[in-house]
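Enquirer: A structural model of the following input is requested.
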Amino acid sequence: MGTRQKILLADTTLRDGEQTPGVAFSPNQKALIAKRLAQCGLREIEAGTPSIGKVEMEAFDKILSLGLSARVMAWGRMTEEDLKAVKLSGATTVNLSIPLSDIQISTKLQTTRSSVLEKIKKYVSKAKDMGLEVAVGGEDASRADEHFLMDAIEVSQQSGAFRFRYADTVGILDPIQTYKIISKLKKITPLLLEFHGHDDFGMATANSIAAWHAGVDSLSLTACGLGERAGNGSLEEVAFFLSLRENVDSGIDLKALFSLCFLVARFSGRKIPRWKSILGKDIFLHESGIHVDGILKNPRNYEPFNPTIIGRKHRFILGKHSGRKSVLWTYEKLGILLSEEQAKRILDQIRDFAINNKRTPSKEQLIGFVDTPKAFPSASPIEKSC
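Expert: Here you go, the predicted structure:
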């Protein structure tokens with residue numbers, strides 16, 4: 001796989017991310033997220049669906065009034081109603097979406113392939129006549145017939161679209177499949193290509209990276225991986241990986257993006273798991289004795305990037321998998337110098353405690369182990385029931 005040095009990361013947190021069941025941003029929240037996204041260096045923000053109505057129109061008004069450096073896009077279907085709403089929203093760029101898989105064409109649209117091609121031609125041309133810049137969204141493109149998909153891209157180009165979005169709507173691709181299809185599409189069209197992945201099989205971030213390797217021009221992503229069902233490709237995962245592992249210039253301020261994700265999590269009411277990549281509280285927390293020993297010798301032994309990039313530092317805890325060196329180091333930080341024999345004895349107590357309580361001992365309990373060599377605190381009734 002070849003590599004390139006630039007990529008447009010396009011955010012759809014305010015549109016597809018908000019389609020997460022139960023998530024609904026207020027206009028003020030949308031405006032603040034959009035402002036922060038632009039401050040992070042995002043150059044394109046898909047801000048929502050104007051046809052939803054009054055509240056969405058208010059959000060567009062607030063976002064557009066900010067005069068952001070990022071391009072603010074609206075999303076709509078290829079219908080008269082949606083196109084009219086987009087125009088009224090004040091947005092000057094639109095992503096017009098239409099299903100391309102046979103299952104969605106026949107059961108969702110209840111029409112034919114030829115009718116879909118006619119719709120693309122009609123609504124892209126009409127949007128252009130209305131003064132809008134148009135990107136075409138190929139919904140469920142990953143399940144579309146390949147020859148029909150290419151026809152749809154060709155019609156999109158001929159009708160005046162500037163970009164085509166290849167959407168893995170139900171998240172069925174793997175990275176190898178993604179690389180192959182994007183590589184093929186790049187060879188047959190001069191249109192800019194965008195990849196939009198869903199995480200139903202946990203592949204959205206990996207597929208996004210594969211699409212980048214294949215030469216895709218932009219990636220459609222959401223903060224915290226928000227989105228319908230299992231979510232979308234994660235903006236922070238892709239941005240951090242491309243910047244730190246591939247040395248790609250995406251123009252993103254990683255520390256600012258890290259901070260923004262917590263704002264999005266708060267506004268969406270979704271807690272970030274402690275183990276969540278990039279964002280999780282515990283991603284630089286080490287218990288294993290082998291790992292702690294390696295970290296103490298050189299942090300690069302067990303850390304993929306420097307935690308100071310996101311304002312954090314590595315931390316150690318003592319538990320079942322800890323080693324004697326971890327005990328000696330931890331107690332030294334507590335101002336207690338242990339002998340080798342004491343460290344070995346206390347390590348046995350720590351392991352017993354972790355097994356019985358399903359957690360690491362507190363600072364006070366660690367100090368207590370020094371004074372009470374044969375005892376360890378029992379679990380509370382609540383802890384025992386977990």
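Enquirer: looking at this, residue 166 is in a strand?
Expert: Yes - counting by DSSP: H, G, I helix; E, B strand; the rest coil, residue 166 is part of a strand.
Enquirer: next, the buried residues of stretch 157-176.
Expert: 157, 159-161, 163-171, 173, 175 (16 or more other Cβ atoms under 10 Å). Quick note: C-beta positions are derived from backbone N, CA and C, even for glycine.
Enquirer: for the stretch 1-150 of the chain, give me the ranges with low pLDDT.
Expert: 1-5 (pLDDT under 70).
Enquirer: re earlier: mind picking the two most distant members of the buried residues of stretch 157-176?
Expert: Greatest spatial distance among the buried residues of stretch 157-176 (Cβ to Cβ): 160 and 175, at 32.4 Å.
Enquirer: tell me which element residue 296 falls in.
Expert: helix 289-297 (DSSP states H and E).
Enquirer: which is the next helix or strand following that helix?
Expert: Next element after helix 289-297 (DSSP H and E): strand 315-316.
Enquirer: so which residues make contact with that following strand?
Expert: Applying Cβ atoms under 8 Å, 6 or more residues apart in numbering, the external contacts of strand 315-316 come out as 284-287, 292, 295, 326, 329-330.
Enquirer: out of those, who has the most neighbours?
Expert: Most neighbours among the contacts of strand 315-316, by other Cβ atoms under 10 Å: residue 326, with 27 neighbours.
Enquirer: I'd say it and residue 290 touch.
Expert: No - with contact defined as Cβ atoms under 8 Å, residue 326 does not count as touching residue 290 (9.7 Å).
Enquirer: still on that earlier bit, where does confidence bottom out across the contacts of strand 315-316?
Expert: Confidence by pLDDT is poorest for residue 287 among the contacts of strand 315-316, given 73.
Enquirer: ignoring the adjacent residues along the chain, who's closest to it?
Expert: Excluding the flanking residues, the one nearest residue 287 by Cβ to Cβ, 6 or more residues apart in numbering is residue 319, at 4.6 Å.
Enquirer: pretty sure the one you found contacts residue 356?
Expert: No - using Cβ under 8 Å as the test, residue 319 is too far from residue 356 to be in contact (11.7 Å).
Enquirer: neighbour count winner among the two?
Expert: residue 319 (19 against 14).
Enquirer: show the contacting residues for the more buried one.
Expert: Shown in contact with residue 319 (Cβ under 8 Å, 6+ apart): 287, 350-351, 354, 360.
Enquirer: confidence-wise, which of those comes last?
Expert: Among the contacts of residue 319, residue 287 has the lowest pLDDT, at 73.
Enquirer: my guess is that residue meets residue 361, correct?
Expert: No - counting by Cβ under 8 Å, residue 287 stays clear of residue 361, with 11.8 Å between them.
Enquirer: show me what contacts the residue most central in space within the chain?
Expert: Nearest residue to the geometric centre of the chain (Cα atoms, centre = their mean): residue 234, 1.2 Å. By Cβ under 8 Å, 6+ apart, residue 234 lies in contact with 199, 204-205, 221-225, 277-278.
Enquirer: equivalent analysis for residue 123, please.
Expert: 78-79, 83, 96.
Enquirer: list the buried residues in the helix or strand containing it.
Expert: Per DSSP H and E, residue 123 falls inside helix 113-129. Across helix 113-129, burial judged by 16+ other Cβ under 10 Å covers 113, 116-117, 119-121, 123-124, 126-127.
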